[in-house]
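Peer 1: only geometry, no sequence info:
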């Protein structure tokens, strides 16, 4: 029986341009997660004005034969996918949050459960995190804090010291962790801080924040900002300073945002001369 080939679409929000890439046949259709990265390395290059500068796509999936994590990197300059990258470690990851770049490493954690999903999806929770090193092109499965397997809402982020951070949202609190690696190469997750959510978001302390009333909508890794849906409103929270801003009211908690940073080009009609930074979701 013939199958329709799977494709990825790489999309430039400012120009509307698209590139379509065929997905390697070894990858499972029900577990595909990709990250698009600028591949331009010339002196003075400013990320955000890349548009169709050279780019690469890192695609992770599960190997169809034995359910091990696999990865592959596409180069726009070569126009082809590289070799399939395997790891011998197995993962219980059934689905994942969008990848987050910390240094030169991409991380995928288990998918946060949104308000539209059933509690039976808790059975698919795991503290497995997939790690892909862009320098060595190596793939690994690492363990997050044990409590990650019980977390409904969480987000990997880049900590102040450049290490990998993880924030979990439990009953009205931000609980934040950092991954530390000692001189022997042993990694340990340390609880960094736990902060009440109400004063940060400007909510009444009488409001009970049920797990079903909060969702993680997205993460801006350039600015360390997490987007949350809480009590029918959307907020942005800067994880370093814990400063927040209420963006708008929304009764659709299942919406997702994909933050990006770009520049208006002077050639675009209706835009003033000079480059202007644009932040959008």
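Peer 2: Okay, I see it. All values derive from a computational prediction rather than experimental measurement. Numbering: from 1, shown residues only.
Peer 1: how about the helices in the stretch 151-281 of the chain?
Peer 2: 197-201 (DSSP state H, counting those that start in this stretch).
Peer 1: which stretches of it form strands?
Peer 2: All strands of the stretch 151-281 of the chain, identified by DSSP state E, counting those that start in this stretch, fall at 154-158, 164-170, 173-181, 187-196, 214-220, 225-230, 233-238, 243-249, 260-264, 276-280.
Peer 1: Can you say which of those is nearest to residue 7?
Peer 2: Of all the strands of the stretch 151-281 of the chain, strand 260-264 sits nearest to residue 7, with 21.0 Å by C-beta to C-beta. Any C-beta I mention is one placed from the backbone N, CA and C, and that applies to glycine too.
Peer 1: quick one: least confident helix or strand in this structure?
Peer 2: Lowest mean confidence among the helices and strands of the chain (mean pLDDT, DSSP states H and E): strand 276-280, at a mean of 44.
Peer 1: Mind giving me the packing neighbours of the lengthiest strand in the chain?
Peer 2: Looking across the chain with DSSP state E, the single longest strand is strand 27-38. If contacts are counted by 3 or more C-beta pairs under 8 Å, 6 or more residues apart in numbering; DSSP states H and E, strand 27-38 sits against strand 7-11, strand 55-63.
Peer 1: quick revisit: could you dump the strands of the stretch 151-281 of the chain into TSV with mean neighbour count and distance to residue 141 added?
Peer 2: Shown next, in TSV, are the strands of the stretch 151-281 of the chain (neighbours: other C-beta atoms under 10 Å; distance: least, C-beta to C-beta, whole Å):
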stretch	mean neighbour count	distance to residue 141
strand 154-158	23	14
strand 164-170	23	14
strand 173-181	18	14
strand 187-196	13	12
strand 214-220	22	21
strand 225-230	22	24
strand 233-238	19	29
strand 243-249	12	33
strand 260-264	18	29
strand 276-280	12	33
